[in-house]
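K.L.:
Predicted model and sequence below, questions to follow.
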Amino acid sequence: MSLIELRNISKSYKGLTLFENTSVSFEKEKIYGIIGHNGSGKSVLFKMICGFVFPDHGGIFVNGEELGKNRRFPENFGIIIDKPGYLGDKTGFENLRYLADIQNKISDEKIKETLEKVGLHYTIKQKVKDYSLGMKQKLAIAQAIMEDQEVLLLDEPFNALDVDSVENIRGLLKSLNNEGKTILLTSHNNEDIEVLCDHVFRIRNYKLEQIK
Amino acid sequence: MLKHLISIELKKALNLRFFLFSLALILLPLITILPIINGSYVFHRTIDVHEQLLSSSPIPLLFPLLLIPLYAGSYANEKKDNYLQYVMPRTKISDYVVAKGISNALITFIVAYLMIYIPFLFIQYIDPMINYIYYETAFMNPVSIGTFEVIAQESVHLYGVVYSLWVAINGVLYVTIAYLLSICLNNTFVALSIPFLWWFIIHFVTSVLGLEKFSPLYTVFPFAIAAQQFWTIFIPFIVLILFIVSLIFYIKRSRKIWEN
Amino acid sequence: MIKVRKQVINWKWLFAVIPVALYAINNRLSMQYFELRYDVVANFWDYVLISFSDVYLLLFYIFPLILFVSTVHINRTFDYTKLIRLGSYKKWIFTKLRQLMIIDINFLLFLIAALLLTAINTPFSMEWSNVGRINTSGNEILYYLQQYFSKPFLAFILQIILLLLTIVTFQIMFCILYARFQNVSLLYFINGFMYLYGAISFKLFPASIKFVSVQNYLSLFHGVASFDSIFIPFSVMFVALMILVFIANKIDQNYKQLKNLIKRYSPLFLYGFLCFMGILFNVSNNTEGELSVWDILIVTFSGTTNEMFSLVSFVYHVVVFMGFVYLFQLLLHKYLSEMSYYMLIRYKSMYRWFLSWFPKIIIGIWLLLLTLFSVTIFIAVLIGYELTVPQNLFKIIYHFMINGFLQLLFYVLFVITVSLFTKDVFKSFITLLALTVFMLPDFSLYNSIPVGLNSMAYMLEKTSVFLTSAKLFGYILIETIILLFLLNKRDYEI
């Protein structure tokens, strides 16, 4: 059974047709890259897989269960969609702590460890609203992986990161994949896709075409 | 789950700024206004002092505006900073929003209650020990404190509790409206200012039309108006509740929370 | 048209006026006891006017009846084939209105005939009889009418006009609603509602809500006595009619556009309405005593001083002046949320960005003050306050305009400073309103805080208006320096 399966999906979003009767499935423990020109629907695809928006026709199945039937959002997904989100008047650590508290699965130690992994020091006392865009992006990556989420949906995870950080995050994603995580990511940078991904899909003519 | 989410929200809300602000709300009237009114008004009873303390303070005029900054804007901020998208995979967003609303109500309730009750406690129980307030004993001619006088006739302590509860409950209604509006409207500024505009403008309109007894201001702080029949205070109260119910209905029907 | 005339000129109205005639005869019979008791003699006009001005008759019979007949007529004669030939809803509305007016006149002719006929064979005179002089319960109609009108005939004519005006206003409203929703149940609902509302407004509303009480626009004596003016009942109805005519003229325009327009300007309308309400309230509450229009200006915008405090004038002061600032804050919120580095770079500096919209605000302040000034004076003159020129006229106008301007400028600059500093317009809303605390009597700190210093009540004290200007000017100077500093020095982050 595929981990994520899109069956005959059609979707238009805010008056724009994005997908027409397209089907695709994603297997466990692989890294997938999604490419497509601006406005082709990469983010909407991710939003559909997360259950934030529903397809107009067709269904999305995660672990064999259709979204919108019994559950709205799939379990154990780590996501980055759109711009990074945060609580402006809290520190980076506090931001992660509040998110972690919701399911209460991980300790402070684990949060600190994750912060170090993405290249932020947990001791930084700066409030997140004063972070640079790159720092906010790192924080976004941290929240997506800190609870050992099985599936990562990362929309442009390398946005705003400097060269060293890109190397670091690539390594991090590789090692997460080796631990058995499934990763779906988009990037406008072909190098990221080539280095990281086992399979690549391109959005063209309202369909997902596999090109690798 | 809901309880758990509420405890997270409370933790988020209770920071240093919050404590300073609510401490100011609770203690400032006592510290700044009591010395001014002490001696310049004739007091016979403890509740007279309490009444004068409130009506000399800006609390009645600004009431919703004092409570809304506590936590009512938190949803709007989290939406603006895109934080909610990280919450969605972790819990049911509807539970999260409900938890936030309840926390907001809870926090407001406690602060508003203490804002009325702590001065009452001081005047009623602590002052007799230190004799700071000057009472006129020669000419015993107490004036009614208004609509709630009937309760004070039963028991002064009951009055203190019931009246503080009444103010606190009204405070909760106003902040809840602000909170719900911040979900409905994209303009946070408008959403958060509407409860105060309502408070002030309806007071103005009812005064001009000769219907003061239904003014929001006079039904929560019924001091500057002659004692009214008790049912009158529930009219604006019911209007607020109807407003809240229709907002909730609207949010549910239009699925506002999902569309960020 | 011939067909219409056939349809509407109908002798069935004769039956409709029978109850009126019976009622009038009953009035005539009971007048005999009144004449005997007070030793007076009623004349022809007394008999006509007491029946024609009777609130029960108008409110519970004549008015509902004509509204009901209008509803039936509108619904029965609506036809898409006619509508398409007329070409627009606007034309349809005015065609309907013409037909309805024929019905009205028809009915009124029968009504007047019945009233005149039941009064014949009574002493005739064109002057008031001495019945009207008696101020007693049950004789309010004639007592008030003879107080306000020199001749009974005048009262009779004006009663016809007022009734017709009100009926036509409601009829055009019905036509507009029908054109918009094409739902007759809505009109029947309004019929029922008006019946109930009329009863409630007549029996339960306090005298202070005279503007929305139906009987004041149906019965001349009631309206004139409630408003203490002949002019107001007519003008209120006339304004309502004009607004409806305006709406009828615009009804064919794209509805969505109109909706956007209303949405955009609704805060402004609400604000204007509240300001106007306050002015009317003050103007109509001070009719006793020999006040001049300038006194009315002072009373209306009295605000608060250390010695004088009333909650109503404090609240009105806040509504008018802080209300204006609130409208400005709505605008500021838009400016700040639309602001981006891309935009700023095109303005080359924060300073220029600021100057791109700030002069409009200055003009806005002047417009507001001028409007408040002229509307207040205009209404006061209309109602009949004296125009006598007081000694301190210059100071009154100076205080209202110049200190009003400086005070508003202070608020506006204050709001801009706080909003830029905190990047949150709501915080400036809170801080500004918190400042109004210094307008309360125990807190005014010798007027050192620049809030509410343009209160007109200062005219009644010994405070120098020029000193107030100097104070405000000083504060504005300080604010400007802070603002310039903020605009130039601060590392601006969006």
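P.N.:
Received the coordinates, thanks.

K.L.:
and the gap between C:N130 and B:D95?
P.N.:
80 Å (Cβ to Cβ, to the nearest Å). From N, CA and C alone the C-beta is placed, and that goes for glycine too.

K.L.:
ditto for C:L59
P.N.:
Distance from C:L59 to B:D95, by Cβ to Cβ: 55 Å.

K.L.:
next one: C:F276
P.N.:
Relative to B:D95, C:F276 is positioned 47 Å away (Cβ to Cβ).

K.L.:
Which parts of chain B are strands?
P.N.:
For chain B, strands defined by DSSP state E do not occur.

K.L.:
thinking C:L65 is in contact with C:V17, fair?
P.N.:
No: with contacts counted by Cβ atoms under 8 Å, C:L65 stays clear of C:V17, the gap being 10.1 Å.

K.L.:
how about the nearest residue to the residue in chain A sticking out farthest from the centre, chain neighbours excluded?
P.N.:
For chain A, the C-alpha farthest from the mean C-alpha position belongs to A:K125; by Cα atoms, centre = their mean, that distance is 26.8 Å. Of all residues not flanking A:K125 in the chain, A:T91 sits nearest, at 6.0 Å (Cβ to Cβ, 6 or more residues apart in numbering or on different chains).

K.L.:
That neighbour: neighbouring residues, count only.
P.N.:
A:T91 has 17 neighbouring residues, counting by other Cβ atoms under 10 Å in any protein chain shown.

K.L.:
Ramachandran angles for it?
P.N.:
phi -80, psi 170 (degrees, to the nearest 10).

K.L.:
Go through the helix or strand encompassing C:I247 and flag the buried ones.
P.N.:
Assigned by DSSP states H and E, C:I247 belongs to helix C:231-250. By 16 or more other Cβ atoms under 10 Å in any protein chain shown, the buried positions in helix C:231-250 come out as C:232-234, C:236-237, C:240-241, C:244-245, C:247-248.

K.L.:
Okay, helices next: where are they in the stretch 1-150 of chain C?
P.N.:
All helices of the stretch 1-150 of chain C, identified by DSSP state H, counting those that start in this stretch, fall at C:2-8, C:12-16, C:18-38, C:44-52, C:55-57, C:63-76, C:80-86, C:89-118, C:140-148.

K.L.:
Just put these in TSV and tack on distance to A:F61.
P.N.:
Below are the helices of the stretch 1-150 of chain C laid out as TSV (distance: least, Cβ to Cβ, whole Å):
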stretch	distance to A:F61
helix C:2-8	69
helix C:12-16	73
helix C:18-38	76
helix C:44-52	80
helix C:55-57	73
helix C:63-76	56
helix C:80-86	52
helix C:89-118	53
helix C:140-148	81
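
K.L.:
Enumerate the residues of the stretch 251-400 of chain C near chain B.
P.N.:
Proximity of the stretch 251-400 of chain C to chain B, by Cβ under 8 Å from any Cβ of the partner chain, involves residues C:274, C:277-278, C:281, C:311-312, C:315-316, C:318-319, C:326, C:329-330, C:333.

K.L.:
Keep only those of those residues that are also close to chain A.
P.N.:
With the criterion set as Cβ under 8 Å from any Cβ, no member of those is near chain A.

K.L.:
and the closest residue to B:Y113 other than its chain neighbours, what does it touch?
P.N.:
Spatial nearest neighbour of B:Y113, chain neighbours left out: B:A168 (3.9 Å); criterion: Cβ to Cβ, 6+ apart. B:A168 is in contact with B:108-110, B:112-113, B:116, counting by Cβ atoms under 8 Å, 6 or more residues apart in numbering or on different chains.

K.L.:
Of the residues you listed, select the buried ones using a PyMOL command.
P.N.:
The PyMOL command for the buried members of these (criterion: 16+ other Cβ under 10 Å) is given here:
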select buried, chain B and resi 108+109+112+113+116
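
K.L.:
Check the burial of the closest residue to chain A within the stretch 301-450 of chain C by counting its neighbours.
P.N.:
Nearest residue of the stretch 301-450 of chain C to chain A: C:K423, at 9.7 Å (Cβ to the nearest Cβ). By other Cβ under 10 Å, 15 other residues sit near C:K423.

K.L.:
Kindly report the same for B:P142.
P.N.:
13.

K.L.:
For the closest residue to it other than its chain neighbours, which residues are in contact?
P.N.:
In space, and not counting its chain neighbours, B:P142 is closest to B:H44: 4.5 Å by Cβ to Cβ, 6+ apart. By Cβ under 8 Å, 6+ apart, the contact set of B:H44 is B:135-137, B:140-142.
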